[in-house]
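Asks: sequence first, predicted coordinates after that:
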Amino acid sequence: MSRTHKTKLGSKLSNLKSFLKKALDTPPSTPNTNLQITPNTNLLGDILTLNLKDYHTLLTLLNASLTGTTNDDELLLENLIQLLSKLPADLERNQLTDALLTKLWTSLNHPPVLSVGNAFRYRSADGSGNNINYPLLGAANTPYARTCPAKRIQPLNLPDPSDIFDSLMARQDKSFKPHPQGFSSMFFYLATIIIHDLFQTSSEDSTINLTSSYADLSPLYGRNQEEQLAVRLGRDGLLKQDCFSSRRILEFPPGCAVFLILFNRFHNYVVGELARINEGDRFTERGFMDDEKRYDEELFQTGRLIVCGLYGNIILNDYVKTILALNRVESEWNLDPRRDGGRETFLSRPAPWGVGNQISVEFNLIYRWHGTISLRDEEWTEKRFKEMLGGKEVGEATIGEVLKGIGKFEMGLDDDPLKRRFGDLKRDPVSKRFDDGKLVEILRESIEDPAGGFGSRTVPKVLKSVEVLGIMQARKWGVAGLNEFRLFMGLNRHERFEDINPDEEVVRELKRLYGEDGVDDVELYPGLMVEKTKEAMNPGSGLCVGYTVSRAILSDAVALIRGDRLFTGDYTPGHLTNWGFNEVGSNKNVSRGHVMYKLILNAFSGGSSWFEENSVYAHFPFVLPEENKKIFEGLGIAERYSWRRPGEGLQEKGGKVIV
Ligand code: HEM
Ligand SMILES: [Ca+2]
């Protein structure tokens, strides 16, 4: 091909490129026919005089970059190579070559995200190895990350934390406001389990997080190998009966512990089924039967992947849907951060997945949701603290005494989780299990218990020392200010105190504490806690939390789930078995896509005598039954569910009989 011909082709390509750029820069509302083409380019003519095949190649290329997929029957790659070989050695050819190289490079992950190595097949006890290239990313016992640079000059006279709590955070007598969207305490018990799965600040070194940054159910399975072994039965992949690893969860209302017991029972059911089905002989093929330890290990680890799969599905299909009020409308859409199959196109570039996660100090503060504690749990906490303080009222105790009380309580627990108890529950001497009736009673009461709403002045006074410590902790971590953090998250700056919260008293107190001109001095924590809260909006706003928190937690949920290799690239039937993969999946035609019922119905062998298959308590426990009644009547589906209270009318099961 002559040099002139090559140059002509190059200039045609250049014209075509500016045409495409214009087409893409034109707002969608403008029809393409109205495109202004520079008169001297004669672009349409150029396109028509292009060799038909080259023209076709460019169109296919354009189509591929719009849709993200290539039909390789059209031999785009080969035609592109032909076109490139015809072009002159100039800018256009180089750019097209670079684009081709980029396309070839970005089709694969660099470095690879997945591995077939045995070390990466399961979840490690401490969460290490989730990112195969940076195995310590997000592992237990590593430092917290920092999300936002704190560049502002630090104000030297920060207000007294105790004053901040009393004036802005403390729940005033009789001022409890139930959650505006009718959330039950069960919702916040799951939240409590999630946050203890993700944050546990070491009391010896507050830069260290003692648990893994992954939603891997560390409160059930333990934060390290030693804790994991203590909660396992040591045979057939089983966990010890009705047990969980976390000591800390025993500091919380008994509904949290029951929630973990539901997961324990699900685990033991799963490993039983895995062994029984023995899919593809995978648990016997390598002579595991002769090696009991190995057999136990394979069953346990596969079981854990499946149980964590259900946990992840509960977080996405029940918890996040409720947060976004998608539980209140007909739509089946959900924000699923695991979405894959996305391709890079002109319009979107899918976020990476499976690259790991490391929790930051900012998120430790963002998730301190003590304002949502119900009146019932406030009372429970007052009693519990009094016990831990040897009878002293918490108001009379120093922060040191409270911390010592908590430490002593945890130390006083037996090392063997099987020997720990909670509430007034007793283990059956033979089965070692707690009584179903008692567990159901705690569940029912938790589902019927109205949680509190977020906002300023909502935190029970009994937690004052915890909050004061939180404020001091945030200062020690040197976190950014509220406005600094908002700007980092892409939110606008609060220019006036009224923007933080229009409530007159809150504005007055904020000004008193931070000074008339101190709006940028307002600290991240407690700023997050006193910010105005989002109004209910269906769908869109279910959680009704403070503005900044509502935005930040969605990014965090995506980081947590999409960042987790074992929830994304390695969430496969190969890892979980076909049976396990199906067992924990969500089906939009069942339970409106929710999956909590799988956990609850499985836990009680009495089956329908406790919860009917279609019990609203089993299917939608995060919202109060009376609120669900209103929602489902509005949607015209109330008759699909049983509204009977679990245990109602039962005389002989040992639970409290409700009539
Ligand atoms: C009655 C219920 C609750 C009680 C008695 C309680 C008590 C405490 C206590 C004593 C601490 C400080 C010491 C420790 O880390 O254990 C703490 C910290 C914390 N709480 Fe709560 N809490 C409750 C509910 C919640 C809820 C519902 C959430 C959020 C979903 C939450 C989030 C946090 C967070 C993120 C920390 C910091 C943890 C760390 O840095 O290790 N809490 N809570
Ligand atoms: Ca974890």
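Replies: Arrived safely, thanks for sending. Ligands and ions are numbered 1, 2, ... in the order given.
Asks: how many residues are close by the closest residue to ligand 2 within the stretch 301-450 of the chain?
Replies: Of all residues in the stretch 301-450 of the chain, residue 359 sits closest to ligand 2, at 8.8 Å by Cβ to the ion. For the C-beta atoms, the positions are set from N, CA and C on the backbone; glycine is no exception. By the criterion of other Cβ atoms under 10 Å, residue 359 has 25 neighbours.
Asks: one more: the one 3 residues further on?
Replies: As a burial measure, the neighbour count of residue 362 was computed by other Cβ under 10 Å and equals 26.
Asks: in space, what's closest to it - neighbours in sequence excluded?
Replies: residue 147 (4.4 Å; Cβ to Cβ, 6 or more residues apart in numbering).
Asks: ok, residue 464 next?
Replies: Using Cβ to Cβ, 6+ apart, the nearest residue to residue 464 is residue 165, at 5.4 Å.
Asks: for residue 267, same thing?
Replies: In space, residue 267 is closest to residue 307, 4.8 Å off (Cβ to Cβ, 6+ apart).
Asks: pLDDT on the host helix or strand of residue 306, on average?
Replies: Element membership for residue 306, per DSSP states H and E: helix 292-314. Helix 292-314 carries an average pLDDT of 96.
Asks: chain center to the helix or strand just after it, what's the gap?
Replies: Next helix or strand after helix 292-314 toward the C-terminus (DSSP H and E): helix 321-323. The gap between where helix 321-323 is centred and where its chain is centred comes out at 12 Å by Cα atoms, centre = their mean, to the nearest Å.
Asks: show me what the helix or strand that comes right after helix 321-323 is packed up against.
Replies: The element immediately downstream of helix 321-323 (helix or strand, assigned by DSSP H and E) is helix 361-366. Secondary-structure packing of helix 361-366 (3 or more Cβ pairs under 8 Å, 6 or more residues apart in numbering; DSSP states H and E): helix 464-477, helix 524-530, helix 547-562.
Asks: neighbours of the residue nearest to residue 267, how many?
Replies: Using other Cβ under 10 Å, residue 307 is surrounded by 27 other residues.
Asks: and it, what is it in contact with?
Replies: Counting by Cβ atoms under 8 Å, 6 or more residues apart in numbering, residue 307 makes contact with 217, 220, 263, 266, 267, 270, 584.
Asks: what is the nearest of those to residue 69?
Replies: residue 584 (29.7 Å; Cβ to Cβ).
Asks: residues contacting that closest one?
Replies: Contacts of residue 584 by Cβ under 8 Å, 6+ apart are 306, 307, 309, 310, 313, 576, 595, 598.
Asks: count of neighbours near the closest residue to it other than its chain neighbours?
Replies: Excluding the flanking residues, the one nearest residue 584 by Cβ to Cβ, 6+ apart is residue 310, at 3.9 Å. The tally of other residues near residue 310 (other Cβ under 10 Å) stands at 24.
Asks: can you check residue 412 too?
Replies: Count around residue 412 with other Cβ under 10 Å applied: 9.
Asks: try residue 600
Replies: 24.
Asks: hang on, it packs against residue 622?
Replies: No: under the criterion of Cβ atoms under 8 Å, residue 600 makes no contact with residue 622, lying 11.7 Å away.
Asks: and the pLDDT at residue 49?
Replies: 56.
Asks: between helix 547-562 and the helix holding residue 306, find me the angle.
Replies: 140 degrees (axes from the mean of the first three to the mean of the last three Cα atoms, to 10 degrees).
Asks: what's near enough to touch the residue lying closest to residue 279 once chain neighbours are set aside?
Replies: Distances taken as Cβ to Cβ, 6+ apart put residue 577 closest to residue 279, at 4.7 Å, once the chain neighbours are dropped. Residue 577 makes contact with 274, 277, 279, 282, 302, 306, according to Cβ under 8 Å, 6+ apart.
Asks: where does residue 577 fall, phi/psi-wise?
Replies: phi 80, psi 150 (degrees, to the nearest 10).
Asks: how many neighbours does residue 513 have?
Replies: Residue 513 has 19 nearby residues by other Cβ under 10 Å.
Asks: quick one: low-confidence parts of the stretch 201-350 of the chain?
Replies: 285-290, 341-342, 346-347 (pLDDT under 70).
Asks: residues in contact with the residue in the stretch 401-550 of the chain positioned nearest to ligand 1?
Replies: Nearest residue of the stretch 401-550 of the chain to ligand 1 (Cβ to the nearest ligand atom) works out as residue 466 at 4.4 Å. The contact partners of residue 466, by Cβ under 8 Å, 6+ apart, come to 370, 402.
Asks: okay, it: pLDDT?
Replies: 95.
Asks: ditto for residue 24
Replies: 50.
Asks: ditto for residue 69
Replies: If you check residue 69, the pLDDT there is 78.
Asks: I figured it hits residue 107, correct?
Replies: No: using Cβ under 8 Å, residue 69 is not in contact with residue 107, being 11.5 Å away.
Asks: hang on, the earlier thing: now do the contacts for the residue of the stretch 301-450 of the chain closest to ligand 2.
Replies: 138, 144, 145, 198, 199, 209, 213.
Asks: those into CSV, with extra columns for neighbour count?
Replies: Below are those laid out as CSV (neighbours: other Cβ atoms under 10 Å):
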residue, neighbour count
138, 28
144, 20
145, 16
198, 23
199, 20
209, 26
213, 29
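Asks: how about the residue nearest to residue 584, what does it touch?
Replies: 266, 583, 584, 595, 598, 599.
Asks: what about the strands in the chain?
Replies: 142-143, 208-209 (DSSP state E).
Asks: helices or strands up against the first one?
Replies: Think strand 142-143. Strand 142-143 packs on strand 208-209, going by 3+ Cβ pairs under 8 Å, 6+ apart.
Asks: what about the strand it packs on and ligand 2, any contact?
Replies: No: Strand 208-209 stays clear of ligand 2 (Cβ under 5 Å from the ion), getting no nearer than 9.3 Å.
Asks: where does the protein come near ligand 1, residue by residue?
Replies: Contact residues, the chain versus ligand 1 (Cβ under 6 Å from any ligand atom): 188, 191-192, 195, 199-201, 248, 252-253, 364, 367-370, 372-373, 377, 381, 406, 466.
Asks: related to what we said a few turns ago, now, which of the contacts of residue 359 sits nearest residue 394?
Replies: Among those, and counting by Cβ to Cβ, the member closest to residue 394 is residue 199, at 22.8 Å.
Asks: what's the closest non-adjacent residue to the closest one?
Replies: residue 364 (4.7 Å).
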